[in-house]
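Undergrad: need a 3D model of the following:
(one chain, ligands or ions: 1)
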Amino acid sequence: MKRAIYPGSFDPITFGHLDIVKRSAKMFDEIIIAVLNNSAKNSLFSSDERVSMIKDLTASCKNVRVESFAGLTVDFAKRMNANIIIRGLRAVTDFEYELQIAQVNRVKNPDLETVFLTTSLNYSYLSSTVVREFASYGEDISEFVPSEIIPLIEAKYKTKEKKDGK
Ligand code: ADP
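TA: Numbering: from 1, shown residues only. Next up is the predicted model:
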């Protein structure tokens, strides 16, 4: 049984992430999307909200599960009995950072392999940061994220505006 984890913040999940999920689900028996619950990072959505959104969006992929985790990815992979980590590569700028993380992870667990999928060209510019930036200015984000989660993202910025008294 080839079980792989796909870790990330997914704040929020984009078409780029979903593309990696769909493609890797064809390569492995089971994919666990691992949502990082990092209390130090000021995230737009709580980890529970992110898990629930991703579960809804991947409900039709039978070999995909969604979990949240805190701490090191290697430790989470071990707990899940997975020895493959999937990461997406958008550009050379991702590569240096990703290579370092993959090597550190292998030092901690030599059985752990990191598999990189290169982004589909049409999503190579896309990141959760871009989505948040556009949404914060009320710009159209329909090319970046599935329509189901657009109202949830917009609602976050509306409550923010209210809080800031705008
Ligand atoms: P992190 O917070 O660790 O940067 P992200 O949630 O942004 O994680 O992304 C998780 C993974 O998805 C990373 O491997 C990242 O490179 C990949 N990824 C993000 N956006 C895209 C995209 N547009 N196309 C392909 N892979 C992507």
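Undergrad: show me what from the chain comes close to the ligand.
TA: Within the chain, the positions near the ligand by C-beta under 6 Å from any ligand atom are 8-10, 14, 16-17, 20, 87-88, 90, 94, 119, 123, 126-128. In short, each C-beta sits where N, CA and C put it, glycine included.
Undergrad: packing partners for the lengthiest helix in the chain?
TA: As assigned by DSSP state H, the longest helix anywhere in the chain is helix 92-108. When contacts are defined as 3 or more C-beta pairs under 8 Å, 6 or more residues apart in numbering; DSSP states H and E, helix 92-108 packs onto helix 73-79, strand 84-89, strand 113-118.
Undergrad: tell me which residues are up against the last one.
TA: Which is strand 113-118. For strand 113-118, contacts defined as C-beta atoms under 8 Å, 6 or more residues apart in numbering pick out 4, 20, 23-24, 27, 83-89, 98, 101-102, 105-106.
Undergrad: try it again with 7 Å
TA: Strand 113-118 is contacted by residues 20, 23-24, 83-89, 98, 102, 105 when judged by C-beta atoms under 7 Å, 6 or more residues apart in numbering.
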